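Chemist: give me a 3D structure for the following:
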Amino acid sequence: MAAETAGPAPLPRIGLRPAPGQRAALAQALRNVSYEILPFASAEEAVRRHVPQDVPLTVTTTEQKGVGPTVELAVRLREQGYQAAPHLAARNIRDTAHLRDIVAQLRDGGVDSVFVIGGDAATPAGVFPDAFTLLEHLDAVGHPFRSVGIGGYPEGHGHISDHLIDEALRRKASYATQVVTQLCFDAPTTLSWARAVQARGVRLPVKVGIPGAVSRQKLVRISAGLGLGQSARFLRKQQSMFWRFFLPGGYSPNRLVERLTPSFGLPDNNLQGFHVFTFNELEQTESWRREWLARLS
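Modeler: Modelled structure (predicted):
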């Protein structure tokens with residue numbers, strides 16, 4: 001079998017022909033983008049080569065490596081002029097002393113943004129079972145972070161009821177500055193969720209999580225690199241994503257972006273940008289974004 005050639009996603013086709021105001025709102029959303037990267041050995045060089053310094057980054061935490069490499073990579077990227085927010089996974093942090101050490105390391109490194117999640121570890125490493133508990137303690141220790149992101153779940157959570165997820169978001173919102181959604185491939189579901197969140201009084205800006213321009217082979221390698229336990233959970237959570245990538249021709253996020261276009265700039269939701277899950281395919285993802293912006297200009 002011939003090896004797969006990983007090329008950039010097809011050029012975007014703006015099939016919806018959005019009105020000028022919608023085109024402007026979509027262009028702003030593509031400028032107000034952030035990229036999620038994994039703390040693998042090649043990530044730092046790939047960022048330096050392919051990502052403009054005005055694109056904020058988030059650095060995930062893997063169960064296999066723990067929070068240490070995530071924090072260290074965020075600090076190194078900040079030293080090189082990037083805004084890099086480490087994922088602080090509550091279930092990977094042992095106690096308040098461990099949290100204080102992390103905050104001090106980030107403060108000393110000039111990192112002023114974090115993204116707080118519960119994490120996928122089956123058993124908490126210490127006293128923080130969820131993101132809300134960690135946010136409370138971050139507030140208590142007097143953190144220096146200008147931006148604090150939290151997760152949103154347009155399609156719910158596999159192990160937590162919708163009611164509890166909604167209540168958790170409401171409680172976390174008072175400690176946060178923005179919401180970043182998990183991947184959702186259905187634009188109406190994302191929009192309905194965003195409207196409901198705003199109606200319940202959560203007025204934080206929302207970045208919509210979308211996949212970057214990623215090859216199938218890349219996803220397989222990423223899954224293998226996460227370690228057996230986390231990889232299994234990753235595959236379970238992202239089943240809908242994987243079958244899309246293995247369709248003939250693979251998957252492009254263009255259609256999802258097109259279908260979200262009419263939602264940006266409307267007053268009944270707070271969708272204000274994209275958060276791209278790059279899986280470290282940074283060259284292709286940035287090329288894809290620039291092609292969109294060129295078409296919208």
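
Chemist: let's see the pLDDT reported for residue 10.
Modeler: Residue 10 carries a pLDDT value of 46.

Chemist: give the contact list for residue 81.
Modeler: residue 53 (Cβ atoms under 8 Å, 6 or more residues apart in numbering). C-beta coordinates here come from the backbone N, C-alpha and C atoms, glycine included.

Chemist: then residue 139?
Modeler: Residue 139 sits next to residue 175 when contact means Cβ under 8 Å, 6+ apart.

Chemist: could you measure it against residue 103, distance?
Modeler: To residue 103, residue 139 is 11 Å away according to Cβ to Cβ, to the nearest Å.

Chemist: where in the stretch 51-200 of the chain is pLDDT low?
Modeler: The stretch 51-200 of the chain contains residues with pLDDT under 70 at 158-159.

Chemist: got the residue ranges for the helices in this structure?
Modeler: With DSSP state H, the ranges of helices along the chain come out as 20-31, 43-50, 67-79, 96-108, 131-141, 162-173, 187-199, 216-225, 228-237, 239-245, 254-260, 282-296.

Chemist: right, and residue 151 touches residue 180 too?
Modeler: Yes. Using Cβ atoms under 8 Å, residue 151 makes contact with residue 180 at a distance of 6.2 Å.

Chemist: now do the shared contacts for the two.
Modeler: Residues touching both residue 151 and residue 180 by Cβ under 8 Å, 6+ apart: residue 115.

Chemist: ok so, going back, out of the helices of the chain, nearest to residue 87?
Modeler: Ranking these by their distance to residue 87 (criterion: Cβ to Cβ) puts helix 67-79 first, at 6.0 Å.

Chemist: mind listing residues that contact that closest one?
Modeler: Applying Cβ under 8 Å, 6+ apart, the set of residues contacting helix 67-79 is 39, 43-44, 47, 57, 59-62, 84-89, 92-93, 102, 105-106, 109-111.

Chemist: work out the gap between stretch 270-287 and the centre of the chain.
Modeler: Mean-position distance between stretch 270-287 and its chain equals 8 Å (Cα atoms, centre = their mean, to the nearest Å).

Chemist: kind regards, and thank you for your time.
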